[in-house]
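**Student:** predicted coordinates and the sequence they were generated for:
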Amino acid sequence: MNKITQLTAIGLTSVTLAFTAPIQAGNGQGMGMGQDAEFKYAVKHSNFMPTLMAVAMKNQSALNLSNEQIQTLKNYHAENSPSQREDMKNVVKLEKQAAAASLTGDLNEAQKLGQKSIALRQTILNQKLRCHQMMGKVLSADQYAQLVKLAK
C-alpha cells in the first residue's frame with residue numbers, strides 16, 4: 001500500500017473514531033441509542049445541508065402554504081425520505097466498520113468502506129439539493145425566501 005493510501009486510511013480512522021465514539025459509548029440499545037436518537041445522530045453526522053422540509057411542515061401557517069402545496073410536499077417526503085434515512089444510517093455504519101477494519105490492520109478494507117461512505121454522503125447531498133430545487137418550484141419566491149430565513 002502506498003503512503004497516500006495509508007495516510008488516507010489513518011485520517012479516515014481518526015475522523016470516524018471521533019464521530020462514532022458517542023455511539024460506542026451508548027446503553028446497549030441498537031447502536032447505543034433508541035431509534036429516534038440513533039436517527040438524529042445519523043442525520044447530524046452524515047448531513048450538513050439544511051433540512052427545509054421539516055421547517056416548511058412546521059411553519060405551514062407562517063408560510064401561508066396552500067393545501068395543494070402541503071400535499072405536494074407530503075408526497076415528495078413520502079417518496080424520498082425512506083431511502084435518504086437509510087443512506088444516513090449507512091454512513092454511520094460504514095464509517096464504524098472502516099474504523100474497526102483499520103484497527104485490525106486491514107487498511108485496504110478501511111479504504112473501500114470509507115469510499116462507500118463518501119459516495120453515500122454525495123448521494124445525500126444530491127438528495128438535499130433536489131429537495132431545495134423542488135421547494136423553489138413548489139413555493140412562491142416570497143414563501144421560499146421566508147422558508148430560508150426560518151431555516152437559518
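**Tutor:** That came through, no problem. Numbers count the residues shown, from 1 in each chain.

**Student:** so who does Ser61 touch?
**Tutor:** Neighbouring residues of Ser61 by C-beta atoms under 8 Å, 6 or more residues apart in numbering: there are none. For every residue, glycine as well, the C-beta is placed using N, CA and C.

**Student:** and it, what pLDDT?
**Tutor:** Listed pLDDT for Ser61 reads 97.

**Student:** secondary structure element holding it?
**Tutor:** helix 60-63 (DSSP states H and E).

**Student:** can I get that helix in CSV? Just the C-alpha atoms.
**Tutor:** C-alpha atoms of helix 60-63 as CSV (Å, rounded to 0.1, in the frame of the first residue of the first chain):
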residue,chain,number,x,y,z
GLN,A,60,-47.2,25.9,7.2
SER,A,61,-49.3,28.8,8.6
ALA,A,62,-46.4,31.2,8.7
LEU,A,63,-45.6,30.4,5.1
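
**Student:** chain center to it, what's the gap?
**Tutor:** 26 Å (C-alpha atoms, centre = their mean, to the nearest Å).

**Student:** do the same with stretch 100-119
**Tutor:** With C-alpha atoms, centre = their mean, you get 19 Å for stretch 100-119.

**Student:** do stretch 62-72 as well
**Tutor:** On C-alpha atoms, centre = their mean, the centre of stretch 62-72 falls 25 Å from the chain's centre.

**Student:** also stretch 57-71?
**Tutor:** That offset, for stretch 57-71, works out to 24 Å (C-alpha atoms, centre = their mean).
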